[in-house]
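K.L.:
Give the three-dimensional model of this entry:
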Amino acid sequence: MPLVSLHAQPAAATPAFFTAEEFSLVDELTEMIIPADEHSPGARGAKVAQYVDRRLAESFEKEPQQLWRDGLRHIEETCQSKHGTRFLNATPEQRVALLTAMVSDDDEPKTLEGRFFQELKKRSVQAYYTSDIGIHQEMEYKGNTYLDEFVGYEPK
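P.N.:
Numbering: from 1, shown residues only. Just a heads-up that it's a prediction; the model follows:
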């Protein structure tokens, strides 16, 4: 008889790169970008923050790590100066307003806020759509399947 159940859920992971406070912030930010709805449990359900944390922890490049640290610190400082509270204690409207202010229309943003938001969005989407939830539940990908005919093209 095996000592460990094959269906046991792993214990909550300790962040490998982020502090516990930063991890909570990243978890909330990614959920704001890909929220849960009736079709999908969202970024939190797909463990997007854990994915980002692990990728940053194993990164040999210091620039992405520094961008995340600086970006998260900027969010907290901006929220504190504008609303007198930490981001996670702010109202949903205040959170959305802070995130919206970070959005840049520029493909290569020049500000820390713009670069961080672009990175946050890119990593959130990448993590979500490479997860089981993103691929199978959201996109309803069924995998490679045999086709009797290729519908949509008629060879001449």
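K.L.:
my guess is residue 87 contacts residue 76, does it?
P.N.:
Yes - counting by CB atoms under 8 Å, residue 87 touches residue 76, with 5.8 Å between them. (Each C-beta comes from the backbone N, C-alpha and C, glycine too.)
K.L.:
Now for residue 111, how many residues are close by?
P.N.:
Counted with other CB atoms under 10 Å, the burial measure for residue 111 works out to 12 neighbours.
K.L.:
and it, what is it in contact with?
P.N.:
residue 104 (CB atoms under 8 Å, 6 or more residues apart in numbering).
K.L.:
how close does it sit to residue 98?
P.N.:
14 Å (CB to CB, to the nearest Å).
K.L.:
for the residue nearest the centre of the chain, helix, strand, or coil?
P.N.:
In the chain, the residue lying closest to the centroid (CA atoms, centre = their mean) is residue 124, at 2.9 Å. Counting by DSSP: H, G, I helix; E, B strand; the rest coil, the backbone at residue 124 sits in helix.
K.L.:
Return the set of buried residues in the longest helix seen in the chain.
P.N.:
Criterion DSSP state H: the longest helix present in the chain is helix 62-83. Residues of helix 62-83 classed as buried by neighbour count (16 or more other CB atoms under 10 Å): 67, 68, 69, 71, 72, 74, 75, 76, 79, 83.
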